[in-house]
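Colleague: coords please:
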Amino acid sequence: MTAHGLGGISRRDLLNLGRTFGWTSTLLAAGAMTGGLTLPRLAAAARAVQKKREKKSARVELIYGIASLGGEHYRIDPIGCLEFVRDLEARTHGEIRIEMIERDQVCNQIDCVKRAQKGIIDLYFSSTQNAAGAAPYFNLLDFPYLFPSRAAQYYFLYHPQSEKLVREPLIRNHGIRFLFSHCRLRGLMMGEKWREKPNIISLEELAGTRIRVTASRLGKIALTLLNIKAVPVPWSETLGALEHGMIDGLETWVSAAAAFMPHLISQVVDLRLFSGNGHTGMNAKVFDGLPPDLQDAVLESALHAQMYVQLAGEAALLNTVGASESQNPGSIFARNRVRFVKLPDGEMKKAERICSPEFNPEPWEQWRGRLNRMAGGIDVYEEIHKIAREIPKETPAENVEPRRWWKSAS
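Modeller: Sure, this is the predicted structure:
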């Protein structure tokens with residue numbers, strides 16, 4: 001796969017296949033193929049998948065908007081969209097059929113959640129930071145150092161209390177049912193200026209740097225507290241801003257940088273500042289309108305997709321991306337001479353004391369109060385902070401036990 005197409009198949013030919021057989025059938029066919037990928041082979045496979053999927057009339061047809069993703073992205077940053085569709089259609093024996101609309105054809109990262117809220121699409125994928133523009137409760141996940149590890153993130157998403165603390169308030173306030181998500185911790189991706197410089201090993205070296213920040217309001221506060229100049233730049237303009245030196249770097253998760261701009265990144269500073277979640281959500285009214293058996297199927301397929309992104313994502317970070325100090329020589333970061341830099345423990349503790357609500361609560365009081373009110377009077381930061389520390393910090397993310405979070409018993 002390439003960022004623009006699949007294997008040796010051009011983006012234009014791929015778009016034509018998508019228009020002919022649908023994105024879902026085309027991508028499912030590509031994902032199942034082995035050996036050399038050619039246009040005739042993929043067209044034949046997509047036709048076969050389409051025929052099989054349409055053999056039975058569906059009781060429910062759903063539209064799934066997935067913004068800004070090319071074929072290569074699924075390998076670099078497994079987000080579970082295809083696995084969810086594959087499993088749900090199989091689990092319901094075709095009673096549910098999903099048509100994926102990909103690559104900004106129906107929505108972009110900023111407005112996918114808005115389209116879902118309005119009922120234009122039924123399911124969507126985006127980062128929680130981008131979704132927070134239309135669904136402010138998503139800002140909850142952006143408190144710095146709320147999660148000490150990716151394992152803690154997965155542990156929380158599987159935890160039954162995630163219903164009360166995250167999922168139910170999203171339904172009540174924004175009409176969105178949070179289904180599943182990958183888990184990353186956001187760091188700083190530094191540009192060419194740091195290519196020949198030594199590894200960044202202190203917060204002082206980052207002071208005054210111009211770092212692109214997402215739409216996350218809390219992310220901007222955290223960077224400012226670290227004496228970093230937070231520069232809001234749309235994702236679509238970030239590559240150009242980095243290339244022309246308008247910014248010194250950007251904050252994001254490593255697999256996003258690996259997928260879209262590894263040639264422009266010199267050092268990855270593993271600051272683990274706040275949560276990075278590429279998630280799938282669903283219009284809550286659409287979910288509630290499904291028969292009980294299909295509601296159960298959606299949740300079970302969401303669990304299946306959550307387990308998939310947990311395991312495939314951890315493998316991809318090491319083997320495909322190269323997000324470690326000792327890198328796989330064939331990884332994206334190794335091939336592009338991107339150094340993965342872990343700050344010393346003392347510097348990480350310093351960063352946490354500077355900007356974490358646990359140690360510096362005043363800058364967060366307004367947002368914390370707003371989110372607590374949206375949650376129904378619960379101190380959601382304190383509750384999630386506590387749950388995230390129920391497992392040892394050194395627990396590997398792949399070892400977190402999956403649980404059906406919608407069940408009342410833990």
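
Colleague: Could you use CA atoms for every contact and neighbour count after this?
Modeller: Will do.

Colleague: Pro402 is in contact with Tyr158, correct?
Modeller: Yes. Tyr158 lies in contact with Pro402 (CA atoms under 8 Å); the separation is 6.0 Å.

Colleague: pretty sure Ala259 is in a helix, no?
Modeller: Yes. The assignment for Ala259 (DSSP: H, G, I helix; E, B strand; the rest coil) places it in a helix.

Colleague: between Tyr158 and Pro402, which one's more packed in?
Modeller: Ranked by neighbour count (other CA atoms under 10 Å), Tyr158 and Pro402 place Tyr158 first, with 23 against 17.

Colleague: List the contacts of that one.
Modeller: Going by CA atoms under 8 Å, 6 or more residues apart in numbering, Tyr158 touches Pro402, Arg403, Arg404, Trp405.

Colleague: Tell me how many other residues crowd the second one.
Modeller: The local packing count at Arg403 equals 15, with neighbours defined by other CA under 10 Å.

Colleague: how close does it sit to Tyr154?
Modeller: Computed as CA to CA, to the nearest Å, the Arg403 to Tyr154 distance reads 10 Å.

Colleague: And for the last one?
Modeller: Going from Trp405 to Tyr154 by CA to CA gives 11 Å.

Colleague: What ranges does the stretch 1-150 of the chain have for its helices?
Modeller: 11-21, 23-32, 39-53, 71-76, 81-91, 112-117, 128-131, 150-158 (DSSP state H, counting those that start in this stretch).

Colleague: Out of these, which is closest to Leu271?
Modeller: Shortest distance between Leu271 and the helices of the stretch 1-150 of the chain, using CA to CA, is found for helix 150-158: 12.9 Å.

Colleague: Check which element follows that closest one along the chain.
Modeller: helix 161-162 (DSSP states H and E).

Colleague: farthest-separated two in the contacts of Tyr158?
Modeller: Pro402 and Trp405 (8.7 Å).

Colleague: Next, the contact list for Leu311, please.
Modeller: Counting by CA under 8 Å, 6+ apart, Leu311 has contacts Glu398.

Colleague: for the residue nearest to Arg195 when sequence neighbours are not counted, what are its contacts?
Modeller: Closest residue in space to Arg195, ignoring its immediate chain neighbours: Ser266 at 4.8 Å, by CA to CA, 6 or more residues apart in numbering. Applying CA under 8 Å, 6+ apart, we find Ser266 in contact with Met189, Met190, Gly191, Glu192, Lys193, Trp194, Arg195, Arg337, Val338, Arg339.

Colleague: So which of these is surrounded by the most neighbours?
Modeller: That'd be Met189 among the contacts of Ser266, by other CA under 10 Å, with 29 neighbours.

Colleague: can you pull the pLDDT of Ala32?
Modeller: pLDDT for Ala32: 72.

Colleague: Leu82 versus that one, what's the distance?
Modeller: According to CA to CA, Ala32 stands 11 Å off from Leu82.

Colleague: Likewise for Gly191?
Modeller: From Gly191 to Leu82 the distance is 32 Å (CA to CA).

Colleague: Can you pull up the most central residue in the chain?
Modeller: Gly278 (1.5 Å; CA atoms, centre = their mean).

Colleague: Okay, and the beta partners of that one?
Modeller: Legend: beta-bridge partners of Gly278 under DSSP bridges are Ser127.

Colleague: any idea which element Trp239 lies in?
Modeller: For residue 239 the amino acid is Leu, not Trp. helix 235-243.

Colleague: Which parts of that helix count as buried, going by neighbours?
Modeller: Buried residues in helix 235-243, counting neighbours by 16 or more other CA atoms under 10 Å, are found at Trp235, Thr238, Leu239, Ala241, Leu242, Glu243.

Colleague: Quick check: next helix or strand after that helix?
Modeller: Following helix 235-243 toward the C-terminus (DSSP H and E): strand 249-252.

Colleague: Arg47 touches Gly22, doesn't it?
Modeller: No. Using CA under 8 Å, Arg47 is not in contact with Gly22, being 9.5 Å away.

Colleague: any idea of the pLDDT on Tyr74?
Modeller: pLDDT, Tyr74: 73.

Colleague: mind checking which helix or strand of this protein has the lowest mean pLDDT?
Modeller: Here the helix or strand of the chain ranked lowest by mean pLDDT, DSSP states H and E is helix 71-76, holding a mean of 73.

Colleague: and for whichever strand or helix holds Arg373, what are the contacting residues?
Modeller: Using DSSP H and E, the element containing Arg373 is helix 365-374. With contact meaning CA under 8 Å, 6+ apart, helix 365-374 is reached by Tyr137, Leu140, Pro169, Asn173, Ile378, Asp379, Val380, Tyr381.

Colleague: and the last one, how many neighbours?
Modeller: Other residues lying near Tyr381 total 19 when counted by other CA under 10 Å.

Colleague: confidence score at it?
Modeller: 97.

Colleague: what's the domain layout of the chain?
Modeller: 11-184+277-318, 187-273+327-360 (automatic domain parsing).

Colleague: averaged over its residues, what pLDDT does the shortest one have?
Modeller: Translated: domain 187-273+327-360. On average, the pLDDT along domain 187-273+327-360 is 95.

Colleague: how long is it end to end?
Modeller: 20 Å.

Colleague: again, but for the first one
Modeller: Between the opening and closing residues of domain 11-184+277-318 lies a distance of 28 Å (CA to CA).

Colleague: For it, what is the distance to the chain centroid?
Modeller: Centroid displacement of domain 11-184+277-318 relative to its chain, using CA atoms, centre = their mean, to the nearest Å, is 10 Å.

Colleague: circling back to that earlier point, so Ala32 and Leu82 - more neighbours on which side?
Modeller: Leu82 (17 against 8).

Colleague: shouldn't the more buried one be in contact with Leu28?
Modeller: Yes. Using CA under 8 Å, Leu82 is in contact with Leu28, at 6.9 Å.

Colleague: Closest one to Lys393 out of the buried residues of helix 235-243, please.
Modeller: Trp235 (31.6 Å).

Colleague: how far away is the closest one from Leu317?
Modeller: 21 Å.

Colleague: can you check Phe138 too?
Modeller: 24 Å.
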